[in-house]
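Chemist: Okay, predicted coordinates and the sequence, questions at the end:
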Amino acid sequence: MPDKKYIDIKIVDGSWDIDPGQQPDYCSDAYSIAQDVKHAIMESGLARELQAERNPALRADVLIRIEQTAESDDRIIPGSASAQEQSSGLIYLTATAYEFGDISTEVSV
């Protein structure tokens, strides 16, 4: 993958995405950043915390903390992240990366 700044193994549904030759597929740049942010949110436990919380005010607080977690990545422009709960256990996150523009990802519990 020449001319790519960030290269990762592509993860789909919690496991490596495998090509027809049984080798892992790769992702780069904006997709890689979105994947890293998604994993940071999952590892923080905030997605599970949101799922368990019933108080609307505290749920809004967890969504803000999810946005802050996304913005803690040095490649994301501070203040650009927006987390919205699509359904129980599914969060849609958008943000803007300095070099690659808008990114989006879904985080599920």
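Modeler: Now that the structure is in, tell me what you want to look at. Residues are numbered from 1 along each chain as shown.

Chemist: For the residue most central in space within the chain, give me its contacts.
Modeler: The chain has K38 as the residue nearest its centroid, 2.2 Å off, counting by CA atoms, centre = their mean. By CB atoms under 8 Å, 6 or more residues apart in numbering, the contact list for K38 reads 93, 105-107. Just so you know, the C-beta spots here come from the backbone N, C-alpha and C atoms, and that holds for glycine as well.

Chemist: How about the secondary structure of it?
Modeler: helix (DSSP: H, G, I helix; E, B strand; the rest coil).

Chemist: which two in the contacts of K38 are spaced the farthest apart?
Modeler: Farthest-apart pair in those is L93 and E106; separation 7.5 Å (CB to CB).

Chemist: Can you show me the helices along this protein?
Modeler: Assigned by DSSP state H, the chain shows helices spanning 29-44, 46-52, 56-71.

Chemist: hey, C-alpha coordinates of the last one in PDB?
Modeler: Read that as helix 56-71. The C-alpha trace of helix 56-71 is given here as PDB (Å, rounded to 0.1, in the frame of the first residue of the first chain):
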ATOM      1  CA  PRO A  56     -31.300  10.200  30.300                       C
ATOM      2  CA  ALA A  57     -29.000  12.800  31.800                       C
ATOM      3  CA  LEU A  58     -26.400  10.300  32.600                       C
ATOM      4  CA  ARG A  59     -26.700   8.700  29.100                       C
ATOM      5  CA  ALA A  60     -26.000  12.100  27.600                       C
ATOM      6  CA  ASP A  61     -22.900  12.300  29.800                       C
ATOM      7  CA  VAL A  62     -21.700   9.000  28.500                       C
ATOM      8  CA  LEU A  63     -22.200  10.100  24.900                       C
ATOM      9  CA  ILE A  64     -20.100  13.200  25.700                       C
ATOM     10  CA  ARG A  65     -17.400  11.000  27.200                       C
ATOM     11  CA  ILE A  66     -17.400   8.900  24.000                       C
ATOM     12  CA  GLU A  67     -16.900  12.000  21.900                       C
ATOM     13  CA  GLN A  68     -14.000  13.100  24.200                       C
ATOM     14  CA  THR A  69     -12.500   9.600  23.800                       C
ATOM     15  CA  ALA A  70     -12.600  10.000  20.000                       C
ATOM     16  CA  GLU A  71     -11.100  13.500  20.300                       C
END
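
Chemist: That concludes my questions; thank you for your assistance.
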